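[1] Build me a model from this:
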Amino acid sequence: MGIYAVRIIKQSTLAKFAAGNPKAKPALTRWVKLVRMAKWASMNEIQTTVPGAVVLNGERARFEVAGGNFRLIVSFSFKHQIAFIKFIGTHAEYDRIDALTVAIY
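    Coordinates of the predicted model:
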């Protein structure tokens, strides 16, 4: 695993999204760096590190991206230190999905 603590599954999804949404690129780059260096063991630790994160349940959190222009839903396996990208999109797209069950990627 190298120097990184958390693996991000489908990080390519974020890169593809950033390529199509340049406003999101700097924020997603920062988010990836933050998460890859994290050693979170609970949703409480995520909220301490990222106060704007919204805990959706015991494994999913929603992050605001680019000043809230986009929303990112991620499922975490704390035991395995893996972050699974489940959704990234605009607020309008977010409003059309079920944040607790979405698994687009």
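
[2] now the helices for the protein?
    Assigned by DSSP state H, the helices in the chain fall at 11-20, 25-37, 43-49, 91-95.

[3] What residues of the last one count as buried?
    Of the residues in helix 91-95, those with enough neighbours to count as buried (16 or more other CB atoms under 10 Å) are Tyr94. Any C-beta I mention is one placed from the backbone N, CA and C, and that applies to glycine too.

[4] and it, what does it pack onto?
    Under the contact definition 3 or more CB pairs under 8 Å, 6 or more residues apart in numbering; DSSP states H and E, helix 91-95 sits against strand 70-77.

[5] Give me the residue at the spatial middle of the protein.
    Val74 (4.3 Å; CA atoms, centre = their mean).

[6] which residues does the residue nearest to it when sequence neighbours are not counted bridge with?
    Counting by CB to CB, 6 or more residues apart in numbering, Val74 lies nearest to Ala83, which is 5.1 Å off, once chain neighbours are set aside. Taking DSSP bridges, one obtains Ile8, Phe76 as the residues bridged to Ala83.

[7] which ones are touching Ala83?
    6-9, 35, 74-76 (CB atoms under 8 Å, 6 or more residues apart in numbering).

[8] what does Trp40 give?
    Residues counted as contacts of Trp40 (CB under 8 Å, 6+ apart) are 6, 46, 49, 76, 78, 81.

[9] which of those sit farthest apart?
    Thr49 and Gln81 (14.2 Å; CB to CB).

[10] ok, back up a step: please report the distance of the residue nearest to Val74 from Trp31.
    Taking CB to CB, to the nearest Å as the measure, Ala83 falls 10 Å from Trp31.

[11] before we move on, the earlier item: what subset of the contacts of Ala83 is buried?
    For those, buried by 16+ other CB under 10 Å: 6-8, 35, 74-76.

[12] List just the nearest of those to Ala103.
    Within these, the smallest distance to Ala103 is 8.2 Å, found for Ser75 (CB to CB).

[13] my guess is that closest one contacts Arg60, does it?
    Yes. Counting by CB atoms under 8 Å, Ser75 touches Arg60, with 5.0 Å between them.

[14] intersection of neighbour lists for those two?
    In contact with both Ser75 and Arg60: Lys86, using CB under 8 Å, 6+ apart.
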